[in-house]
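S.K.: pasting the structure only:
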């Protein structure tokens, strides 16, 4: 069966289907590695898009099961297409078309070990909703905010479970506030830059549901020309 997508091989036997509406960038690759997922984990990727994070998790010691959740039906169809064309799936994968603000019937509430999310980076501003496109949904908080993401994670995580997100440095205070308002304590932070001479363009943050206050700041992560995370053709940075 053929699909109207661009097929991106991310490893032997693993394919991600991309389109002009749903692609992936370096940030998703970095977030997957940062999440430090484990083989026994039950995972949910919120706003999964083409399913890049669940598929990247198949490359090495895949988690037991992964829910890939997105509000856009065409994104979930792309994830399904990638699964159908891949021959090396080690997790039980559940593509789910749902609004993370309400989740879905039968959602594994209070049961998951890890929630990941590469959320919309730009705060909602008046006028953005006039032309609602897939790109706008991915980049701007028009359908959900970081507070919605953290609330959904709170509902899904077991006590002690982890939420891992990435975002632009100017949103760090918002993300920490959203985590803490939902009982998720920031525990691990890493900034990402293209060189030591320029400001970071991304941060990666892990929070633990029910954790005690203590934030570990990791060394700066440098991602430049020739980096392993730029092996594939990726979406331009927003």
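M.R.: Sure thing, it's come through. The shown structure was predicted, so the numbers you read here are calculated from the model rather than taken from an experiment.
S.K.: C-alpha only now, for contacts and for neighbours.
M.R.: Noted.
S.K.: Report the buried residues of stretch 31-49.
M.R.: Of the residues in stretch 31-49, 31-32, 34-35, 37-38, 41-49 count as buried by neighbour count, 16 or more other Cα atoms under 10 Å.
S.K.: how long is it from one end to the other?
M.R.: Between the opening and closing residues of stretch 31-49 lies a distance of 14 Å (Cα to Cα, to the nearest Å).
S.K.: What lies in contact with that stretch?
M.R.: Counting by Cα atoms under 8 Å, 6 or more residues apart in numbering, the neighbours of stretch 31-49 from elsewhere in the structure are 22-23, 53-54, 56-57, 61-72, 75-76, 79, 100, 111-119, 149, 164-166, 204, 206.
S.K.: Tell me the bridge partners for residue 157.
M.R.: In this structure, residue 157 has the following beta-bridge partners (DSSP bridges): residue 112.
S.K.: Who are the contact partners of it?
M.R.: For residue 157, the set of contacting residues under the criterion of Cα under 8 Å, 6+ apart consists of 109-115, 209.
S.K.: now residue 218
M.R.: Residue 218 makes contact with 188-191 under the criterion Cα under 8 Å, 6+ apart.
S.K.: try 6 Å this time
M.R.: If you count contacts by Cα atoms under 6 Å, 6 or more residues apart in numbering, residue 218 has them with residue 190.
S.K.: Helix or strand: which one has residue 186?
M.R.: In the assignment (DSSP states H and E), residue 186 maps to strand 184-193.
S.K.: name the helices or strands packed onto that strand?
M.R.: Contacts defined by 3 or more Cα pairs under 6 Å, 6 or more residues apart in numbering; DSSP states H and E place strand 184-193 against strand 202-209, strand 216-217, strand 221-222.
S.K.: So for residue 17, which of these sits nearest?
M.R.: With distances scored as Cα to Cα, the stretch of those nearest to residue 17 is strand 202-209 (24.7 Å).
S.K.: from memory residue 208 sits against residue 165, does it?
M.R.: No - with contacts counted by Cα atoms under 6 Å, residue 208 stays clear of residue 165, the gap being 11.8 Å.
S.K.: Helices of this protein, start to end?
M.R.: In the chain, the helices defined using DSSP state H lie at 26-34, 52-56, 73-85, 134-139, 146-156, 172-181.
S.K.: need the least confident one among those helices, by mean pLDDT.
M.R.: Within the helices of the chain, the least confident segment by mean pLDDT turns out to be helix 134-139, at a mean of 46.
S.K.: Could you list the buried residues of stretch 201-212?
M.R.: Using 16+ other Cα under 10 Å, the residues of stretch 201-212 that count as buried are 201-211.
S.K.: what about the helices of the chain, which gets the closest to residue 196?
M.R.: Counting by Cα to Cα, residue 196 lies closest to helix 26-34 out of those; the figure is 17.7 Å.
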